[in-house]
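Visitor: Pasting the sequence and the predicted model now:
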Amino acid sequence: MSAPLPSYVYRPMTADDLPKAHALSVQLNWPHRLDDWAMLQRVSKGFAVFDGERLIGTAFACPQGNFTTIGLVIVSNDYQGQGIGRKLMENALEACQSSTAILNATLAGAPLYASQGFVEFGRIQQHQGQAQAPLPGPLADGEECRPLREADHARVLELANAGSGLDRQAVLTELFTVVEHSVGIVREGQLCAFALLRPFGRGRCIGPLIAENLEQAQHLIATLLAKIPDAFVRIDIPADCGLADCLEAAGLKKVDTVAQMSRGAAPQANNGVRQFAVVTQAIG
């Protein structure tokens, strides 16, 4: 007679679950702080699975307009191979409702997501290390770099939406409360590029970064790094954005690559700007 299947409890994640979720990620050597989990929980629909009192798996679905980003799909090593991750993904996909699901998958995990209808549309490179601030390169005539002000927030949202193809209203509202440094490039009185720096993981994170061109993006990064000399910094960039060489020169080495995947048409940048650094891999 076969043994009965284990009885696991799947339910929405609450703020009270976050310490256990953080402990799970620590066991897997993920760098996320409890505050990083809390930020994602506030802007997303979270899902948790329990074996008794033990939290053994998580997933998040973050609605962003016509798209929903799925992230932090984790299953404890002790519970691998039981279909828990697939069940969590089913919950996350159901939460997407009519929106298009997108995610960043490890290269090893991409075939599983492909079997669920996801198609790769790009790659994200994770760069990190002890930052060595390069000198900011010159900007185009008529452009200047300055700190962002509260009055810039509406324009920052416009740029963030255009560069990512997502609705960043809820995400940026959260980021504005924790940002440590923020800078933008202005031309003829109009903000045309920006970057945010905040605490994350082992140190700080740069992202999102939205710009019209590589030169603007490099200038924004150099300006932010100059404010935090020798700090540990992480930045996740599209593999085709052209920033890799300058990041390597600044001490931010490439340590990982993930696949950008969508279950439908992928988000598209517009209005002459693009995203040079994502918020996080979980949020896009």
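Guide: On my side now, so go ahead.
Visitor: now the strands for the stretch 51-200 of the chain?
Guide: 54-64, 67-75, 100-106, 119-130, 143-147, 181-187, 190-200 (DSSP state E, counting those that start in this stretch).
Visitor: Could you identify which of the ones you listed is most buried?
Guide: strand 67-75 (a mean of 25; mean count of other C-beta atoms under 10 Å). In this view, the C-beta of every residue, glycine as well, is placed from N, C-alpha and C.
Visitor: Packing partners of it?
Guide: For strand 67-75, the packing partners by 3 or more C-beta pairs under 8 Å, 6 or more residues apart in numbering; DSSP states H and E come out as helix 18-27, helix 34-43, strand 54-64, helix 84-96, strand 100-106.
Visitor: Dump these into a markdown table; add mean pLDDT and distance to Val179 as well.
Guide: A markdown table is the format used below for the helices and strands packed on strand 67-75 (pLDDT from 0 to 100; distance: least, C-beta to C-beta, whole Å):
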| stretch | mean pLDDT | distance to Val179 |
| --- | --- | --- |
| helix 18-27 | 95 | 21 |
| helix 34-43 | 95 | 12 |
| strand 54-64 | 97 | 18 |
| helix 84-96 | 94 | 27 |
| strand 100-106 | 96 | 22 |
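Visitor: out of the ones you listed, nearest to Asn77?
Guide: In terms of C-beta to C-beta, the element of the helices and strands packed on strand 67-75 nearest to Asn77 is helix 18-27, at 7.5 Å.
Visitor: residues in contact with that closest one?
Guide: Contact with helix 18-27 is made by 13, 32-34, 37-38, 41, 48, 54-58, 72, 74, 76-77, as judged by C-beta atoms under 8 Å, 6 or more residues apart in numbering.
Visitor: Try it again at 7 Å.
Guide: Contacts to helix 18-27, defined as C-beta atoms under 7 Å, 6 or more residues apart in numbering, come from residues Met13, His32, Leu34, Trp37, Ala38, Gln41, Ala48, Leu55, Thr58, Ile74, Ser76.
Visitor: Next: stretch 127-147.
Guide: 182-188, 215, 218-219, 222-223, 225-226, 228-235, 237, 246-247, 249-255.
Visitor: What average pLDDT does that stretch get?
Guide: Averaged over stretch 127-147, pLDDT sits at 92.
Visitor: Ends of that stretch, what's the gap?
Guide: 24 Å (C-alpha to C-alpha, to the nearest Å).
Visitor: Now the lowest-mean-pLDDT helix or strand in the chain: buried residues?
Guide: Of all helical and strand segments in the chain, the minimum by mean pLDDT, DSSP states H and E falls on helix 110-115, at a mean of 89. Within helix 110-115, the residues scored as buried using 16 or more other C-beta atoms under 10 Å are Ala110, Tyr113.
Visitor: Output that helix as PDB - backbone C-alpha positions only.
Guide: Backbone C-alpha positions of helix 110-115 (Å, rounded to 0.1, in the frame of the first residue of the first chain) are rendered in PDB as follows:
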ATOM      1  CA  ALA A 110      14.000  28.200 -17.800                       C
ATOM      2  CA  PRO A 111      13.000  24.800 -19.400                       C
ATOM      3  CA  LEU A 112      10.400  24.300 -16.600                       C
ATOM      4  CA  TYR A 113       8.900  27.700 -17.300                       C
ATOM      5  CA  ALA A 114       9.000  27.000 -21.100                       C
ATOM      6  CA  SER A 115       6.800  24.000 -20.400                       C
END
